[in-house]
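K.L.:
Could you work out the structure for the sequence below:
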Amino acid sequence: MKKIDTWHQLMSLAFMFLATSTVYAQQPALQYFRSNDKAGLNVFETSKKDTVIFEGIKVRVGGDFAIQFQGLSQSNDLVGDTLVDLSSNFNLPTANLNIDVQLADGVRMHLRNYLSSRNHNEGWVKGGYLQVDKLDFIQEGFLSGFMEIATLRFGMDEINYGDTHFRRSDNARALFNPFVGNYIMDAFTTEPFAELTLQKSGLIGVIGLSNGRLNQDPISGDDGIAFFAKLGYDNQVSDDLRLRLTGSVYSSSDKSTSDYLYNGDRAGARYYSVLEGINDARVSAFLPRLNPGFGYQTAFQINPFVKFRGLEFFGVFEVANNGDDAIGGGYTQLGAEAIYRFGSTEQLYVGGRYNAVDGESSDATPSVDINRLNIGGGWYMTKNVLAKLEYVSQKNDGDGFNGSKFQGAEFDGIVVEAVISF
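P.N.:
Below is the predicted model of the structure:
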């Protein structure tokens, strides 16, 4: 009965979202803000352009709703094919509640709540942060020259490592992801952090610190620190051409007992029940991702982004290495997206994504190889409503999977997703 009750609650929420969208035009404009609709597409770090006049505290309440119809099949190479049979049906819908508050001139708060996710049916807080783009609350004009290029963020939320987290589906907020699934090695984590971003003449610099922890507990013995940084260039070269290239690094210390960089999304993965074995004692909500599982690690990610008129390319080159040299191990990820957007407002798009990961969990273990292909398209029916259709195919290979349910495992099929964000 729990799933049925949850379904009724979420359908009621969907009607609430639709009703709320009728008054969307009354949503207040916030400073230095990434819009949660189509206007936020291909926005990475928030702009330093001061285009909104501060007129007092403003509260913006928004939300996200997503549901998929999944038609996938799967198999592996073990005798009897030990993966569960999949049927074509709807997945449990997901929903977010977003609260953004303009607290002072150049000071904004963000809070995201997961009302329902694959990994949790109940509502809970994903995280939030305080963003500071002006220091006038200290004294009018305080460090104004520096703050014209600087942004400070503090909170318990996703850190700015790499560019893939700007394009991924964050539970129900799937409006910026041209496909249904996220990357196989999904660099996304919510941790307590402090972060400084500098932007000037297209140049971008980010530096930040975290304690590397997803679940906070002040017990001695887990005193690790995680450092992350980004350098890049992002410029609208002409009306037709935009170029962006960034490189990011992440490094956690050996005083950490665990590292959540690739294991920090508590909402769950986007393809349901894939790679689930018929004899599994516990069903994972996070397959088909690959989590390196290193206690501490060093990772870097390089992301080129090019948009020429309606044609768009986004790339990923990423390496994650075990920080424990005595054990060793590491993984490499490649990703390439080619999207063509068309229509009077580029409301339609078609494209494809190739994603591959290979590596080993230690120097003593054999390697694994995972390849995924997505081909699909979408239609922004309004700036708040997106419908997607994709074909996805994934294959697992490598001696490191031998003897497990992942040996020769593969899945493919069609997934349809509907998204509402405001």
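
K.L.:
all strands of the stretch 251-400 of the chain, in order?
P.N.:
Using DSSP state E, counting those that start in this stretch, the strands of the stretch 251-400 of the chain run over 297-308, 311-322, 330-342, 348-360, 368-382, 385-397.

K.L.:
Quick one, which of those gets closest to N160.
P.N.:
In terms of CB to CB, the element of the strands of the stretch 251-400 of the chain nearest to N160 is strand 297-308, at 11.2 Å. Any C-beta I mention is one placed from the backbone N, CA and C, and that applies to glycine too.

K.L.:
got any ranges where the chain has weak pLDDT?
P.N.:
1-25, 219-221, 257 (pLDDT under 70).

K.L.:
again, only this time at 90
P.N.:
Counting by pLDDT under 90, the ranges of the chain that qualify are 1-27, 79-81, 120-123, 211-224, 254-259, 279, 281-283.

K.L.:
Could you list every helix and strand in contact with the longest strand along the chain?
P.N.:
Ordering each strand of the chain by length in residues (DSSP state E) puts strand 58-75 first. Judged by 3 or more CB pairs under 8 Å, 6 or more residues apart in numbering; DSSP states H and E, strand 58-75 is in contact with helix 2-21, strand 89-90, strand 94-104, strand 410-421.

K.L.:
which helices and strands sit right next to the shortest one?
P.N.:
Counting contacts by 3+ CB pairs under 8 Å, 6+ apart, strand 89-90 is packed against strand 58-75.

K.L.:
Distance to F154 for the strands of the stretch 251-400 of the chain - can I get that in CSV?
P.N.:
Shown next, in CSV, are those (distance: least, CB to CB, whole Å):
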stretch, distance to F154
strand 297-308, 23
strand 311-322, 26
strand 330-342, 29
strand 348-360, 32
strand 368-382, 33
strand 385-397, 32
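
K.L.:
Go through these and name the closest to G63.
P.N.:
strand 385-397 (12.7 Å).

K.L.:
Can you give the strand pairings for that closest one, parallel or anti for each?
P.N.:
Strand 385-397 has the following strand partners under DSSP bridges: strand 368-382 (antiparallel), strand 410-421 (antiparallel).

K.L.:
what residues are up against G232?
P.N.:
Counting by CB atoms under 8 Å, 6 or more residues apart in numbering, G232 touches L203, I204, G205, R244, L245, T246, G247.

K.L.:
again, but for A150
P.N.:
A150 sits in contact with D133, L196, T197, L198, where contact means CB under 8 Å, 6+ apart.

K.L.:
Distance check, it against I207.
P.N.:
11 Å (CB to CB, to the nearest Å).

K.L.:
Can you tell me how far the closest residue to D186 other than its chain neighbours is from N215?
P.N.:
The spatially closest residue to D186, leaving aside those adjacent along the chain, is R289, at 5.3 Å (CB to CB, 6 or more residues apart in numbering). Relative to N215, R289 is positioned 19 Å away (criterion: CB to CB).
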